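>>> model this:
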Amino acid sequence: MDSHKPVLMLAVLACGDGKGSMKLSDLVQFFRSFYADRCSRGLIVEKPNSLYCREDMTDKEIERNILANPFKRFEDMQMMRHTKTLSIVEVDNSLWKRLTEEEKAEIRGICEEKLEGYYRRLEAK
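Here you go, the predicted model:
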């Protein structure tokens with residue numbers, strides 16, 4: 001496991017509009033901010049060979065990483081799609097419309113728990 005799936009879910013919940021649509025560039029900035037915040041607080045950012053441990057990572061590299069790693073899994077399950085021409089990511093509309101604010105909060109909590117467990121395991125190594 002890595003941190004990418006929970007971070008993607010947190011990004012989607014933070015960046016998604018009323019229809020579950022968001023700019024890919026907003027997801028990139030969320031990822032950049034998430035890992036930069038960990039670094040600025042002196043926390044483990046990711047595994048040492050990770051893109052997110054590099055100071056010179058580009059937005060294009062982050063974009064490719066998002067689409068290759070966590071996003072692909074959700075796309076394969078037909079929960080999300082990427083419109084390349086518009087650089088938009090969308091959560092399946094019927095799924096997004098059914099999510100209540102309480103369920104979104106629960107998903108956030110689960111993601112935060114998964115991230116805490118992941119980083120505890122990295123620290124123990």
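>>> which helices and strands sit right next to the longest helix seen in the chain?
In the chain, assigned by DSSP state H, the helix with the most residues is helix 101-124. Using 3 or more Cβ pairs under 8 Å, 6 or more residues apart in numbering; DSSP states H and E, the elements in contact with helix 101-124 are helix 4-15. Quick note: C-beta positions are derived from backbone N, CA and C, even for glycine.
>>> quick check: angle from the helix it packs on to helix 101-124?
With axes from the mean of the first three to the mean of the last three Cα atoms, to 10 degrees applied, the angle from helix 4-15 to helix 101-124 works out at 140 degrees.
>>> how far is the helix or strand bottoming out on mean pLDDT in the chain from where the chain is centred?
The weakest-scoring helix or strand in the chain, judged by mean pLDDT, DSSP states H and E, is helix 70-76 (a mean of 88). Taking Cα atoms, centre = their mean, to the nearest Å, one finds helix 70-76 lying 11 Å from the centre of the chain it belongs to.
>>> can I get the very next helix or strand once past that helix in PDB? Just the C-alpha atoms.
Note on helix 70-76: by DSSP states H and E, the next helix or strand toward the C-terminus is strand 80-83. C-alpha atoms of strand 80-83 as PDB (Å, rounded to 0.1, in the frame of the first residue of the first chain):
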ATOM      1  CA  MET A  80     -14.100   7.900 -12.000                       C
ATOM      2  CA  ARG A  81     -13.200   9.000 -15.400                       C
ATOM      3  CA  HIS A  82     -10.700  11.400 -16.900                       C
ATOM      4  CA  THR A  83     -11.600  13.700 -19.800                       C
END
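>>> what pairs with strand 80-83, and is each one parallel or antiparallel?
Strand 80-83 pairs in its sheet with strand 88-91 (antiparallel), by DSSP bridges.
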